[in-house]
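> only the shape, not the letters, is given here:
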């Protein structure tokens, strides 16, 4: 009976050593173990201190220990992720004692997924942050990254605007690559992929998220792990339990901030000062921003079920994430179905696990790339520039078009008539089989296959008022895109403990292929516009152009051999070492392979005999690691090859006829090779004050060499003006700290203060290299990066250092901006190395921090997330557009533009640079758990009220300081973003018995 | 048993894909394979010609915006896109016109990149054609094309990097003196012209045949004094005479009610250019091959809709002084559109453009200010530009060059018939006296308005630095454009032209 019990639950807590012995039969103790939410906790371990007697709780949280000596006994209750509880109880013949465990802030015993395997947290030697499901940000979540914003030091989540379906960007330990390969690798239950893999994860299905930060942790994912790894583990069913659960969150989203523009009277008064005539004043008073926006909403619904027995368990869920955007006619719907099952066979020696996820995503997007040739932008930016005196409709009810302007449009007409629909079918399946070949030796096979089909339709009718649409008499476009990602792992794992030595060795062969393929078809000239993009044959066939037909196909293959050893001696001295050899098809013929070693050591100081008598530290661990990782994901295929394709223009008139224009498509670089990151990390994990205060400190340096970059080259002699090449190196140095303090911890009340912060300093170490067949030396300093003509890579300075002209004033004669002629030679030189430029801060934040306190009293709880960043500057380009009075005839202006009185500027000066520091009150959640113990069918009911983005403290004058900071082009430049929302959400969680 | 399966699985996986990392190329062709295909060498020549039509992003000789054409035309005295009080149009056009251009203005960089990409393609085409042992006339054609691009480069920028073999390291692509490049251009033309086809039109429409190449040579000689200090008037005259051997004549200047502007003369700027007068043209079909935006860019929005059923841009204008130089009897004056009774069609609601313009920048021109140019009255298909072909060289230009050379050589009377032919075709009287240089200069302006020759002419006739309209007199450094900022950024070996 007891043995059965152990078997039944033992594998859940297999790392807890326990054994069963027979004692003198004198009494028994039983009861229920509950979690902090008052839910029964199955699988918790209950043992008697100093004895070998123990048991685990059942599905209902009940435990029972019999045959124990009466009198005073110390009971220890433990469970992964919870603080162990020790109580001394007087045992009588039949004793009933209930326990309530509090979630632990130091999960030393928690299983940590470390890539191709798991480890106990206390054995982890690298820098790994774990965020358990209870710590994930609640509320109207549309992407799992929002759940970890502010939760991990060195992990920066940036949400630019709140467009439905738009995902935040994430950077782990800053920007270490220049070519855009800065997205971390995402691993969901073993499936590897890019950030979009998170789109098929319902927020309520996540069990925990691990972030691997240092080289030792990421090295095992070497070919894709250089920029960090986010490992998501989804919820699994526990043996002996059944779950039926419903989660819902519904929010109202409102615009948190908008630009202050002129109203009709103000515009007309000002416009006349700048020579604008009555021809431009159409006499209306239109609030374009108000017309184009509304209150949005976000709804999450999730039904999950699951169950398990000793050798089988499954979990299935169906979820819907539905967003209506704050810009009219913008919405996103994401329906996700998930199924996972695990079966054991061959006398428990074989474990087979399968996962199947399908997501259908429908997006109706607010059109982008509309407007005048010099101001093609999103709809909301077009609403800013539209004059308040323009009416929406003509007197005959048709949409008004300001025909006195070049390429005029009416953004409301565009919002109402343009169709911009995207449909994505995203299916992913995987199968893992692990076979215990011999004692301690496991052979594993893992295969995953993801197919993502994306179809978009775009219809721009003549009625939309867009100038191109009127010329084309309506145009329609359909796009289809297929992504096919396959991965195969073969692994051998050997675990053995010899006396004081414990060894865990794994060898893996891995093959991955990512195939991208797609096509686009366009048509124009719709006499009848009713069919939209659904049947392009309604268009005028004679208007087809060569570029209206387009298709492409390319792929990438990665092959890796890797090995890792985890060794520990006396459970105190821990070593992890790994080596991998990676090959990627995207590099030059002779540079496809790279070798990437790593090693890390940890010392569990608290386990030393000399620590036995001290009372300060409850745990103390020192870690150190060094490793090399490679980066290739940011490099698109085929850049090393000299290829001929269809040129631009695609057609040429030659020999009396139209023929295809075959042209070489790029400056090829056969010398392309692995970008390599060398990272050193030292860390300290501790807990003191009876484990009430715990924390982690990490310090790291990371040097990226052979940086991949799309580099400007001289033409002549090059055909094109840029080439992808390996250039120079950058250094990132950082400090990270996380602290958690249980201020109050009683049975009824808890108050926990958690904070984390990181400092990041980066520096361009060198810019050098040669390119191409001829070995041309690169021109290697003052390389434009980020904002065109104002931020640069400069040796000895941070990435994206602003090196910019300095505003001096306005020429009263012309209204043109004057900048300081620093070298006094009478010429304003706008070259990259111009002596007229001055250094003025950096594009990337220097520090990030978060404060996430939580409080609970009985069934009531409150949590908050405060999050901030700073030390960076933002180039406010939209402010420039809405300030220069040369535009006022055709455009509305900022209220702040009137006192500036600047007519024009041919410069990008520091006048448009603004401090990007901010502190955001990101999340406030109130929760209440109803007492349902008397209900027959309901196991638990919890209600939450969440407010997101409640307050923002910043000096930045734009609508939000979180602008594109992902390291691509236009980094830290505000060209006008989709507004950021403030949302208020009500959440409900019901679980059935 | 199980181990055996694993062993099999491992071996299958390892054998099939273990180290295979060659890139799969699906939608393109490796260059070496492509150029080994029959006909590929010819297509490499075609890809040089693909550089000629105007396209967005400032590429092409003429037809679209912000490239070579705008740089050379708006820096002259007869065309500018003023900033408007409506807020339309960026101020860099006005800067160009007022000779206040900056090295960072996009026109310079677009022109530079377009020319050097063209030279790269010509270099490759020559190499491919030579490797393929192609017809010598094709090799000669590619070399003449390259000479054409180098001539345009020294005309705008002076001393420029020079290379004839691709994949040369940048250190070995020196910034050659203007004269060295001039010498190269002349010698390349002399060495290759006579191998070119003498066919006019047909397969050679839009290509350098013998006559187009002699026209180019004549142009290079015409401006030799500007480039090298040494005039080559005799050589220019000889090259013009060679062109005449091609049997060219002036196209008819007769009235024609079916023509939008009333005269057959305007067929020279229509769909397919007549080969009696046209020597070298750019073939255009809007949105298929290039475009011709010049009239669409000039007219006001509703005029475009009313005159040819497509939106127009209310952009470029002709300064008042230039329009007023034309005689009212000159059929070429009909290219302008202004006033209450404009030339050309007068549909209901047509716009009355005022000849006067008060400001080019701050506060800008009023919406309907400035005469417009409808010389390239758009022909279908029309979409952000018409499908009018563009004349690079035509016989009227050659005649005026002959006249000029004769005047400069002191034989003004010999030159008189050439200029008179051009005047009489336009409905004017012959000159009453032997032509002066000013007569030639003015006549070139009348005949070749908006055809891409004006800046060069103004410099050669010593007019460029003088004040006109909104443009004050400027210093001689403005005779050359600056090397673009982006080119200097990418190549530290380049030396900026003085004054910038």
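Ah, there it is. This structure is a prediction, so every number in the text was calculated from the model and none was measured. Residues are numbered from 1 along each chain as shown, chains lettered A, B, ... in the order given.
> what about residue A:93, neighbour count?
8 (other C-beta atoms under 10 Å in any protein chain shown). Every C-beta, even on glycine, is put in place using the N, C-alpha and C of the backbone.
> same deal with residue A:280?
24.
> now residue B:234
12.
> what's the answer for residue B:410, then?
Residue B:410 - counted by other C-beta under 10 Å - has 10 other residues nearby.
> quick check: the gap between it and residue A:936.
Remark: distance between residue B:410 and residue A:936 (C-beta to C-beta, to the nearest Å) = 119 Å.
> ditto for residue B:389
Counting by C-beta to C-beta, the separation of residue B:389 from residue A:936 is 87 Å.
> so for these two, which residue has more residues nearby?
More crowded of residue B:389 and residue A:936, by other C-beta under 10 Å: residue B:389, with 28 against 6.
> how far away is that one from chain A?
According to C-beta to the nearest C-beta, to the nearest Å, residue B:389 and chain A sit 10 Å apart.
> can you pull the contacts of that residue?
B:206, B:270, B:271, B:272, B:273, B:281, B:282, B:283, B:284, B:292 (C-beta atoms under 8 Å, 6 or more residues apart in numbering or on different chains).
> now these in CSV, with neighbour count, pLDDT and distance to residue A:215?
Below are the contacts of residue B:389 laid out as CSV (neighbours: other C-beta atoms under 10 Å in any protein chain shown; pLDDT from 0 to 100; distance: C-beta to C-beta, whole Å):
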residue, neighbour count, pLDDT, distance to residue A:215
B:206, 26, 96, 59
B:270, 19, 96, 68
B:271, 15, 95, 66
B:272, 16, 94, 67
B:273, 25, 97, 67
B:281, 24, 98, 63
B:282, 23, 98, 58
B:283, 24, 97, 59
B:284, 29, 97, 58
B:292, 27, 97, 59
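> got a list of what residue A:392 touches?
A:284, A:286, A:291, A:399, A:400, A:410, A:412, A:413.
> ok, and the most crowded of the residues you listed?
residue A:410 (26 neighbours).
> is it correct that it is in contact with residue A:401?
Yes - counting by C-beta atoms under 8 Å, residue A:410 does reach residue A:401; the two are 5.8 Å apart.
> now for the residue in the stretch 1-150 of chain A that chain B sits nearest to, how many residues are close by?
When distances are taken as C-beta to the nearest C-beta, the stretch 1-150 of chain A reaches nearest to chain B at residue A:116, 16.2 Å away. Neighbour count of residue A:116, defined by other C-beta under 10 Å: 21.
> ok, the one 4 residues further on next?
Using other C-beta under 10 Å, the number of residues around residue A:120 comes to 15.
> that one and residue B:111, how far apart?
On the measure of C-beta to C-beta, residue A:120 and residue B:111 end up 66 Å apart.
> still on that earlier bit, so which of the contacts of residue A:392 sit within helices?
Using DSSP state H, A:291, A:412, A:413 are the members of the contacts of residue A:392 that sit in helices.
> find the nearest non-adjacent residue to the first one, please.
Leaving aside its sequence neighbours, residue A:291 sits nearest to residue A:412 (C-beta to C-beta, 6 or more residues apart in numbering or on different chains; 5.3 Å).
> pretty sure residue A:786 sits against residue A:971.
Yes - counting by C-beta under 8 Å, residue A:786 does reach residue A:971; the two are 3.8 Å apart.
> what about the two, which has more around it?
Between residue A:786 and residue A:971, counting by other C-beta under 10 Å, residue A:786 is the more crowded of the two (26 against 22).
> mind telling me what element the more buried one is part of?
Using DSSP states H and E, residue A:786 falls within no helix or strand.
> next, count neighbours for residue 119.
Answering for chain A, as no chain was given. Counted with other C-beta under 10 Å, residue A:119 comes out at 22.
> I was thinking of chain B, sorry if that wasn't clear
Counted with other C-beta under 10 Å, residue B:119 comes out at 30.
> contacting residues for the residue of the stretch 351-500 of chain A found nearest chain B?
Nearest residue of the stretch 351-500 of chain A to chain B: residue A:406, at 4.3 Å (C-beta to the nearest C-beta). Residue A:406 makes contact with A:372, A:890, B:86, B:88, B:89, B:301, B:313, B:314, B:315, according to C-beta under 8 Å, 6+ apart.
> wait, residue A:633 sits on residue A:225?
No - Residue A:633 is beyond contact range of residue A:225, at 9.7 Å (criterion: C-beta under 8 Å).
> now do the shared contacts for those two.
Common neighbours of residue A:633 and residue A:225 (C-beta under 8 Å, 6+ apart) are residue A:185.
> distance of the residue nearest to residue A:291 from residue A:330?
Counting by C-beta to C-beta - residue A:412 and residue A:330 are separated by 14 Å.
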